[in-house]
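> 3D model of this:
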Amino acid sequence: MQQTVRQKSLPLNNEKWARITETAEAYARQKDAFLVEYGHVKYLHYLGEKRKLRDELVSAGFVSPFGLQARQWKLALEDALYTLERQWEAAVVEVKERLYRHEELTDEEKHYAFWLLYRHEKHSRDWKRIQAVFTGEDIVSKEIKLDAEGRARVRKYLKRVFRRVLGRKPRVKKARSFAVDQQMYRVFATGKRQYIAVATLTPGERVVIPLAGVHAVEGNLRVILLPDERAVEIHLTREPRTYPPGEEEAGIDLGVTEVFTDDTGRKYRPEYGEALQEMSDHILDKSRKRGKLRALRRKFLEKDPNKARRILKHNLGLIKQTRRNKKYRTRCENEINRAFNEFYKERRPKIIAYEDLAHLRGEAGSRGLSRRVSGWQRSIIKERLGYKNYIYSVTDPGPVNAAYSSQTCPVCGWVDAKNRCGDVFKCRKCNFEADADNVAALNLKLRLYDEKITRYMPYKNVKELLLQRYYQKQQAN
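Numbering: from 1, shown residues only. The predicted model follows:
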């Protein structure tokens, strides 16, 4: 797990900006060429042997057709291979989730499928197993008891699923950044100002960039272009400081009026709900206005094409809209980060129960709530949760099944949709009353060690099991 430190530069003059953008453009085109070349399945084994591919290109006398120096095309190659690896790893996660939910495969077939997708925690993945899914090669081990026909059927199934979840091959569309190693830059200071001299396409020449702050800079860096400000950001990664695990168990329930509520009933960062509401209102207002402008443009397409063209250019552009949406999302991301910081520092849990973030989507009872739910930064929440778990040495058991978690009484176990009315929970059997989000967090925590309510158990089966437990408890009493 790496921590990224960002250091912004001062605005650059025309000459420096031109040389930086020229280098970024060449780097992007070279990385894109590597993505196209090595994105094929037959090169999949190189994802586990990145150094080997680089050495083969060096032995073959490879020269970048886009003018990159030798050190930099090697970084572009490594960057491209890591991009492909992330795409495949994300696809493997999605394929595994579909395997868990697949009810027609036998246990032996699932065992073989998971063996093909297996990755050891401390070692790199055996990419030849994934390669065999597409080539049809019959790879097997002694622990696999499935016959050849069954193994072929499993590989064909995995091949179909991979083709669905992989999508398009990754490409570089815009030149936004480039990487440099420690030999390609020099950091120095003059007075209170820190500078970094970065290598460009011309050997022996470097662009001197004045930095806005002072940081200890070492190792490989990434130079990020900020075209609106004609400046750059220097991103450096380092190992974060970690803390020993705590002794407490906790459950959290995500919300739209706050980032989440924990099992003690505390709501973290209600300012997040205000930001989501403000973003939702802004999107609604702008969508209505832009809808009228689109209708006006369609009206003038035949009568006055020039006026229709001006409406499209000056009133229906995306630059200001994208900039405003980015500000709202940045504000929401900051609130998410503050919420997790407060939670981990105060609670210091050793294990956390949370719901599956993949199921959080924008469908809700009203359009306004749907817009706010759609504004959830699922990827940011997932990334922050994983990062903070690493920092505070928290054991991550994976998401728990959240079916009926806000409708189940944590005291008596009665399940009923009428138990919840808005944000208030009141059990219709034992009259237990609490905040609905607090009840959901408590139930998620109770399901941490529930062996019968598994992550992929259908929600109807969850309700049947909960009601069965309730009636058994009543009979026992």
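> quick one, phi psi at residue 100?
phi -60, psi -40 (degrees, to the nearest 10).
> cool, residue 399 as well?
The phi/psi pair for residue 399 (degrees, to the nearest 10) is phi -60, psi 150.
> which helices and strands does the helix or strand where residue 445 lies pack with?
Per DSSP states H and E, residue 445 falls inside helix 436-446. Counting by 3 or more Cβ pairs under 8 Å, 6 or more residues apart in numbering; DSSP states H and E, the packing neighbours recorded for helix 436-446 are strand 248-254, strand 260-262, strand 349-353, strand 424-426. In this view, the C-beta of every residue, glycine as well, is placed from N, C-alpha and C.
> now the ones you listed as CSV including mean pLDDT, mean neighbour count and distance to residue 66?
Converted to CSV, these look like this (pLDDT from 0 to 100; neighbours: other Cβ atoms under 10 Å; distance: least, Cβ to Cβ, whole Å):
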stretch, mean pLDDT, mean neighbour count, distance to residue 66
strand 248-254, 91, 22, 45
strand 260-262, 92, 24, 46
strand 349-353, 93, 22, 47
strand 424-426, 94, 17, 61
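> of all those strands, which lies closest to residue 277?
Ranking the helices and strands packed on helix 436-446 by proximity to residue 277 (Cβ to Cβ) places strand 248-254 first, at 16.0 Å.
> lowest average confidence, helix or strand, in the protein?
Within the chain, confidence by mean pLDDT, DSSP states H and E is lowest for helix 367-374 among all helices and strands, at a mean of 60.
> Please report phi then psi for residue 22.
Dihedral angles for residue 22 - degrees, to the nearest 10 - are phi -60, psi -40.
> for it, what are its contacts?
Residue 22 makes contacts with 200-201, as judged by Cβ atoms under 8 Å, 6 or more residues apart in numbering.
> residues in contact with stretch 196-208?
Contacts for stretch 196-208 (Cβ under 8 Å, 6+ apart): 16, 19-20, 22-23, 26, 67-69, 71-72, 180, 184-188, 195, 209, 211, 217, 223, 234.
> Buried among those residues? Make that a ChimeraX selection.
To isolate the buried members of these in ChimeraX, using 16 or more other Cβ atoms under 10 Å:
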select :16,19,20,23,26,67,68,69,72,180,184,185,187,209,211,217,223,234
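> mind checking how far the spatially most central residue of the chain is from residue 386?
Among the residues of the chain, the one closest to the centroid is residue 379, at 3.6 Å (Cα atoms, centre = their mean). Counting by Cβ to Cβ, to the nearest Å, the gap from residue 379 to residue 386 is 11 Å.
> If we ignore the residues flanking it in sequence, what's nearest residue 57?
residue 77 (7.2 Å; Cβ to Cβ, 6 or more residues apart in numbering).
> How about the secondary structure of that neighbour?
State at residue 77, reduced to three classes by DSSP: H, G, I helix; E, B strand; the rest coil: helix.
> That one contacts residue 52, correct?
No - using Cβ atoms under 8 Å, residue 77 is not in contact with residue 52, being 11.6 Å away.
> Between these two, which has more neighbouring residues?
residue 77 (23 against 11; other Cβ atoms under 10 Å).
> which residues in the protein form strands?
3-8, 177-180, 185-190, 193-199, 206-210, 221-226, 231-238, 248-254, 260-262, 267-268, 349-353, 420-421, 424-426, 433-435 (DSSP state E).
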